[in-house]
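A.B. asks: coordinates only, no sequence provided:
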Ligand SMILES: Nc1ncnc2c1ncn2[C@@H]1O[C@H](COP(=O)(O)OP(=O)(O)OP(=O)(O)O)[C@@H](O)[C@H]1O
Ligand SMILES: [Mg+2]
């Protein structure tokens with residue numbers, strides 16, 4: 001099996017009338033790891049939210065296809081069921097829902113009725129993944145993200161990723177707020193998912209993450225578009241030289257999205 005293909009073509013996205021994404025083109029195939037980098041405010045998180053179908057983000061032009069199926073026609077839950085997953089830059093706290101109940105419901109929502117995961121199997125898998133992520137077991141019974149430290153929230157996003165096993169995982173700054181040991185643990189978890197079918201898009205500011213999770217492709221976003229793509233060496237050059245050389249090359253003064 002070759003895995004899924006996520007195809008983003010000429011994607012334009014507006015928020016409250018202001019255009020943020022201005023023609024993003026990006027294709028992620030099963031088995032590939034892509035890194036998306038770029039200065040603050042250039043549309044990276046907007047891209048992630050638009051792929052998942054956040055209601056605030058209006059797609060005004062272009063397409064998103066998953067194995068040829070029109071993702072833009074799908075509701076958020078249908079997108080998850082189709083195999084898309086987003087680990088958020090700022091995961092929300094949900095009081096009253098335990099982490100473990102949330103995870104089990106998420107897994108079951110992706111399965112057919114009558115084929116729900118057994119409680120035993122679920123607990124076994126959760127224990128195993130929590131061990132891999134060196135998470136305290138009592139995190140399972142706490143309310144989702146409530147009072148979690150920044151690093152605990154990020155680990156918990158990867159716990160969801162590991163248990164949901166999506167076709168395409170989108171990780172928005174999964175490295176932010178992680179201490180050095182936690183970064184290694186989280187990277188180990190993500191790397192454990194590497195196979196011929198899993199496709200991954202990692203949004204990050206730092207080479208540090210890419211030292212642990214080597215991307216096949218690196219893309220740079222500026223002004224709401226992917227303006228440059230390359231291999232891992234592109235990220236290394238950015239780490240050493242910053243973004244000025246790309247701006248110069250492309251005649252860009254301000255990389256952020258102007259909200260006209
Ligand atoms: N919900 C929203 N309402 C209003 N403006 C928004 C919203 N979401 C994003 N924007 C604006 O869109 C632009 C791009 O934001 P986005 O979060 O996509 O940037 P980013 O590339 O992820 O930046 P960072 O590296 O700082 O996370 C910013 O100017 C931001 O203020
Ligand atoms: Mg962002």
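C.D. replies: Cool, got the structure. Being a predicted model, the structure only gives us computed values, none of them experimental. Ligands and ions are numbered 1, 2, ... in the order given.
A.B. asks: rest of the way, CA atoms for contacts and neighbours
C.D. replies: Noted.
A.B. asks: gap between stretch 98-114 and the chain center?
C.D. replies: Computed by C-alpha atoms, centre = their mean, to the nearest Å, the chain-centroid distance of stretch 98-114 equals 20 Å.
A.B. asks: kindly report the same for stretch 21-41.
C.D. replies: 10 Å.
A.B. asks: mind listing the residues bridging to residue 70?
C.D. replies: residue 65 (DSSP bridges).
A.B. asks: thought it was touching residue 63?
C.D. replies: Yes: between residue 70 and residue 63 there is a contact at 7.4 Å, judged by C-alpha atoms under 8 Å.
A.B. asks: higher neighbour count, these two?
C.D. replies: residue 63 (20 against 13; other C-alpha atoms under 10 Å).
A.B. asks: please identify the buried residues of the helix or strand hosting residue 189?
C.D. replies: With elements taken from DSSP states H and E, the one containing residue 189 is helix 180-191. When burial is assessed from 16 or more other C-alpha atoms under 10 Å, helix 180-191 yields the following buried residues: 182, 183, 184, 185, 186, 187, 189, 190.
A.B. asks: helices or strands up against that helix?
C.D. replies: Counting contacts by 3 or more C-alpha pairs under 8 Å, 6 or more residues apart in numbering; DSSP states H and E, the secondary-structure elements packed against helix 180-191 are helix 150-164, helix 207-212.
A.B. asks: residue contacts, the residue lying closest to residue 41 once chain neighbours are set aside?
C.D. replies: Counting by C-alpha to C-alpha, 6 or more residues apart in numbering, residue 41 lies nearest to residue 256, which is 5.2 Å off, once chain neighbours are set aside. Residue 256 sits next to 39, 40, 41, 42, 43, 222, 223, 224 when contact means C-alpha atoms under 8 Å, 6 or more residues apart in numbering.
A.B. asks: same thing but 7 Å
C.D. replies: The contact partners of residue 256, taken as C-alpha atoms under 7 Å, 6 or more residues apart in numbering, are 40, 41, 42, 222, 223.
A.B. asks: counting neighbours, what do you get for the residue lying closest to residue 94 once chain neighbours are set aside?
C.D. replies: Distances taken as C-alpha to C-alpha, 6+ apart place residue 144 nearest to residue 94, at 5.1 Å, with adjacent residues excluded. As a burial measure, residue 144 scores 24 neighbours (other C-alpha under 10 Å).
A.B. asks: residues from the stretch 1-150 of the chain in reach of ligand 1?
C.D. replies: 15, 20, 39, 40, 41, 42, 43, 44, 45, 46 (C-alpha under 6 Å from any ligand atom).
A.B. asks: considering those, which possesses the most neighbours?
C.D. replies: For these, neighbours tallied by other C-alpha under 10 Å; top is residue 20, 27 neighbours.
A.B. asks: and that one, what element?
C.D. replies: Counting by DSSP H and E, residue 20 is part of strand 18-29.
A.B. asks: list the buried residues for that strand?
C.D. replies: Those would be 19, 20, 21, 22, 23, 24, 25, 26, 28, 29, for strand 18-29 by 16+ other C-alpha under 10 Å.
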